[in-house]
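In: what follows is a predicted protein model with its sequence.
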Amino acid sequence: MSLIETVSAYWFTFQQGLFPWLEQELGALGERCRSFVQAVELAQVEDCLPVGQGGRGRPLASRAAMARAFIAKAVFDQPTTRSLVERLQTGHTLRRLCGRDLAGAVSSEATFSRACAEFAAGELPGRLHQALLARALDGHLAGLAGHVSRDSTAIEGRERPAGKPAPEPEPKRKRGRPRKGEQRPPAPRRLARQPDLNLEAMLHDLPQGCDTGTKRNAKGHTVSWRGYKLHGYKLHIDAIDGGIPVSCLLAAASLHDSQAAIRPRSGRDPAGDTDRGPRRQPVRDRMDSAYDAAGIRAFSERLGHVPLIAVNPRGRTELQADLAREAKALRSAGRADPAKLRYRERSTVERVNGRLKDDCGGRRVRVRGHGKVLCHLLFGVLALTVAQLLRLALREPGPPGQPGRAPARRAGPGELRLHGAAPRRSAPQRSKPS
């Protein structure tokens, strides 16, 4: 079954069976409620939660209902858990969709906080996201991921920056200058160590505590995401064609983007599946100039990928002049660099970052600690992935190995159809004066 048929089967179930039954039971459903139902049905929360709770004492609140509530928090872009609890208590429709019949059955804010800690420790949203990609893109990820766009975005947090860890003590050496012929090799840098590490060791090597981040934006101004003494994290996202996020990494805000570019393959990382299955063209890794390093290019080529990384001159005037002459020669010849045309599509991951912040709760993080912050963000990534998969299913299938495209509308009377462009009205014919 193709990717479009797989996801379209869910869409047919939503439109023909589930939504009419829910509207008959609960009344009319708004757009956000429909998106929430789609996210819950595709995520299949119950499959990743333990069946029996057991143990002594009072039974725990339904973790499945609370996981659905956290998905609702991302879909409805609720700023705090308190506002989510109030919305569940006052909104009959959303409360029933989460699995609670009475307003008094809604758990308290403290219970939600404990459940969030459990979900973070058990990596529940990450496992839900990985299982969703495995079901929806099984056998199709290699054909869909022709390009992998990588970028990071600032995440503001409400906690103090963590203290810097003490540096490891260097081995003791004899004081004074080295002997004649003695060589003291420098310690290998992080980019040189990462290709030989597994994913768990690589994540452990990165700083994950809250910290202050500073960078230069697209306009050349130096900005920091401290606002009101708020300190934050940095989220690194990989998105494939179609705007589908396939992997996320949360690190300290002070970490440079290039330090999180080398991702060793692991069964827990869905981005490693982009190399499996038949492929006619290699994967192209699109990254901005912050990832311009020889180690990153070499690792991408070792995987059989084609690195499309913007060149960072870093003050080298000769390289800047060569790049300017090359661009001028292409303009004079009326030709465009194919690599640069492919690189322009890197905006896919920037749109993913924007939607995560504007629509799925990524801009307002009110939890503390690396685990809870990542749990909060991954619930938003899960809701965003469902929305992108359904949007992809509503398109017509394109050529093999390429994502679908929006259905073309026939040109009406007085309209002109341009190749690959939307129809536009033709200019009215003016009658010549007699």
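Out: On my side now, so go ahead.
In: using PDB, write out the CA atom coordinates for the helix or strand harbouring Ala65.
Out: Following DSSP states H and E, one finds Ala65 within helix 63-75. C-alpha atoms of helix 63-75 as PDB (Å, rounded to 0.1, in the frame of the first residue of the first chain):
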ATOM      1  CA  ARG A  63      -2.500   7.900  32.200                       C
ATOM      2  CA  ALA A  64      -4.100   7.400  28.800                       C
ATOM      3  CA  ALA A  65      -6.600  10.200  29.500                       C
ATOM      4  CA  MET A  66      -3.800  12.400  30.700                       C
ATOM      5  CA  ALA A  67      -1.600  11.700  27.700                       C
ATOM      6  CA  ARG A  68      -4.600  12.700  25.500                       C
ATOM      7  CA  ALA A  69      -4.900  15.900  27.600                       C
ATOM      8  CA  PHE A  70      -1.200  16.700  26.900                       C
ATOM      9  CA  ILE A  71      -1.800  16.300  23.200                       C
ATOM     10  CA  ALA A  72      -4.800  18.600  23.500                       C
ATOM     11  CA  LYS A  73      -2.500  21.100  25.300                       C
ATOM     12  CA  ALA A  74      -0.300  21.200  22.200                       C
ATOM     13  CA  VAL A  75      -3.200  21.200  19.600                       C
END
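In: can you pull the buried residues of the very next helix or strand once past that helix?
Out: Next along the chain after helix 63-75, taking DSSP H and E as the criterion, comes helix 81-90. Within helix 81-90, the residues scored as buried using 16 or more other Cβ atoms under 10 Å are 81, 84-85, 87-89. All C-beta spots, glycine's among them, are computed from the backbone N, C-alpha and C.
In: thinking again about what came up before, list the contacts of the helix holding Ala65.
Out: 32, 35-36, 39-40, 43, 45-46, 49, 78, 81, 84, 88, 94, 97-100, 107, 111-112, 115-116, 118-119, 124-125, 360-361, 375-376, 379-380, 382-383 (Cβ atoms under 8 Å, 6 or more residues apart in numbering).
In: could you turn the buried ones of those into a ChimeraX selection?
Out: Restricted to buried positions by 16+ other Cβ under 10 Å, the ChimeraX selection for the contacts of helix 63-75 reads:
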select :35,36,39,40,43,45,49,78,81,84,88,94,97,98,99,100,107,112,115,116,119,124,125,360,361,375,376,379,380,382,383
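In: can you tell me the helix or strand for the nearest residue to Gly27 once chain neighbours are set aside?
Out: Spatial nearest neighbour of Gly27, chain neighbours left out: Thr93 (6.5 Å); criterion: Cβ to Cβ, 6 or more residues apart in numbering. Using DSSP H and E, Thr93 falls within helix 92-98.
In: which SSE is immediately downstream of that helix?
Out: With DSSP H and E, the next secondary element past helix 92-98 is helix 109-122.
In: tell me what angle that following helix forms with helix 63-75.
Out: For helix 109-122 against helix 63-75, the angle by axes from the mean of the first three to the mean of the last three Cα atoms, to 10 degrees is 90 degrees.
In: nothing else from me, thank you.
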